[in-house]
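*Asks:* missing the sequence, but the structure's below:
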């Protein structure tokens, strides 16, 4: 809460969400007097019939969870502008815009749903009847679902959820709410099986830990432990960790290539390494992020000579390692040692000879680069020979220029 020199309330914010810069910006805005409670209250005193001002005051009280004072102002909005012509409000979280009056009516209608045991559903149903095409219809059903999901008799819930799901057939969160009610009641299992199968299908491309937890609960209830293990066992969680790791390094690479959010990019790459510290792909990606962020020492520490020695018997890993450092133009002596060892381990792999040629080229050892590239061409399948020949010509061309 921000107070002025006389102790009067200037403005407030309830709760905190990261990042801290956003919180600081909100405080700065308050201190600057922009759309503060004090400023809006002063405007209201001057013109109590200005609908946008009255609505803003209602929102202020609502943000502070003072529902009685908020309701008082929402009622004033409706009385001043019954036709909803005075302007619109954009609800940022849901990205929707509706008239002030419509939102005021919605808020008053859904306020009665907060009574957990026996809420009054008539106002929200009347609102939906009055505004059948409102952009707030989904929110209205979401708020009703809290009652039907927890407190309503089974018979009422059995009527509500098919209606809710029918209006939004592609929303997995609704199937989740419906199945949650069935798990809570431990019946009807046949219907639960139908919903579980649909929820699994809808989220198959991107399984959610929360959704799969519920699916596992249902299948345990049904006596199918094997299915619960399939959906929410060790393999599932290892997949979640791997997926998160790939997402983190993808984020890190994106921003490091934009030369922006560098600290965040490095931090996310490091979190990926904490998740899977022995994953050679994550190590190479994190090393690339470090190099681009000007932290060569850290790149060498995680993906340098020690890493090479640890994987000295794996030609594939050594080849990737050598190729990475050839691309960076750094740690070349060690990259050369890795490429040579990879060739020794698998002399018939054309890709390794290509890597060896790339390392030699970076080290300006043209003669050896040409030899390695010619060997790659000799071993490569016909489909790749032309590409490797172009690499060879590039090596010769650059050497000739120098």
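*Replies:* Received it, and whenever you're ready, just let me know what you need. Quick caveat: nothing in here was measured; it's all calculated off a predicted structure. Numbering: from 1, shown residues only.
*Asks:* which element is residue 90 on?
*Replies:* Here residue 90, judged by DSSP states H and E, is contained in strand 88-91.
*Asks:* which residues of the stretch 51-200 of the chain score low on pLDDT?
*Replies:* Applying pLDDT under 70 to the stretch 51-200 of the chain flags the ranges 115-117.
*Asks:* direction included, what does the strand holding residue 90 pair against?
*Replies:* strand 96-99 (antiparallel) (DSSP bridges).
*Asks:* elements contacting the following helix or strand past the partner strand?
*Replies:* Once the chain leaves strand 96-99, the next helix or strand it forms, by DSSP H and E, is helix 100-111. Counting contacts by 3 or more Cβ pairs under 8 Å, 6 or more residues apart in numbering; DSSP states H and E, helix 100-111 packs against helix 51-63, helix 67-80, strand 88-91, helix 122-130, helix 137-150. Just so you know, the C-beta spots here come from the backbone N, C-alpha and C atoms, and that holds for glycine as well.
*Asks:* most packed of these?
*Replies:* Compared across those, helix 51-63 shows the largest average neighbour count, a mean of 21 (mean count of other Cβ atoms under 10 Å).
*Asks:* make CSV out of the helices and strands packed on helix 100-111 and add distance to residue 389.
*Replies:* Output for these, formatted as CSV (distance: least, Cβ to Cβ, whole Å):
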stretch, distance to residue 389
helix 51-63, 68
helix 67-80, 74
strand 88-91, 60
helix 122-130, 70
helix 137-150, 60
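*Asks:* for residue 232, what are its contacts?
*Replies:* Neighbour list for residue 232: 212-213, 215-216 [criterion: Cβ atoms under 8 Å, 6 or more residues apart in numbering].
*Asks:* for it, which non-adjacent residue is spatially closest?
*Replies:* residue 216 (3.6 Å; Cβ to Cβ, 6 or more residues apart in numbering).
*Asks:* how close does the one you found sit to residue 229?
*Replies:* Between residue 216 and residue 229 the distance, using Cβ to Cβ, to the nearest Å, works out to 8 Å.
*Asks:* same drill for the two, tell me which one is more crowded.
*Replies:* Ranked by neighbour count (other Cβ atoms under 10 Å), residue 216 and residue 229 place residue 216 first, with 21 against 15.
*Asks:* helix, strand or coil for the more buried one?
*Replies:* The three-state assignment at residue 216 reads helix, by DSSP: H, G, I helix; E, B strand; the rest coil.
*Asks:* follow-up on the earlier one: what about burial for the contacts of residue 232, which qualify?
*Replies:* Neighbour counting by 16 or more other Cβ atoms under 10 Å classes 212, 215-216 among these as buried.
*Asks:* using JSON lines, lay out those together with distance to residue 107 and pLDDT.
*Replies:* Compiled in JSON lines, the buried ones among the contacts of residue 232 are given as follows (distance: Cβ to Cβ, whole Å; pLDDT from 0 to 100):
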{"residue": "212", "distance to residue 107": "35", "pLDDT": "97"}
{"residue": "215", "distance to residue 107": "35", "pLDDT": "98"}
{"residue": "216", "distance to residue 107": "37", "pLDDT": "98"}
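*Asks:* much appreciated, bye for now.
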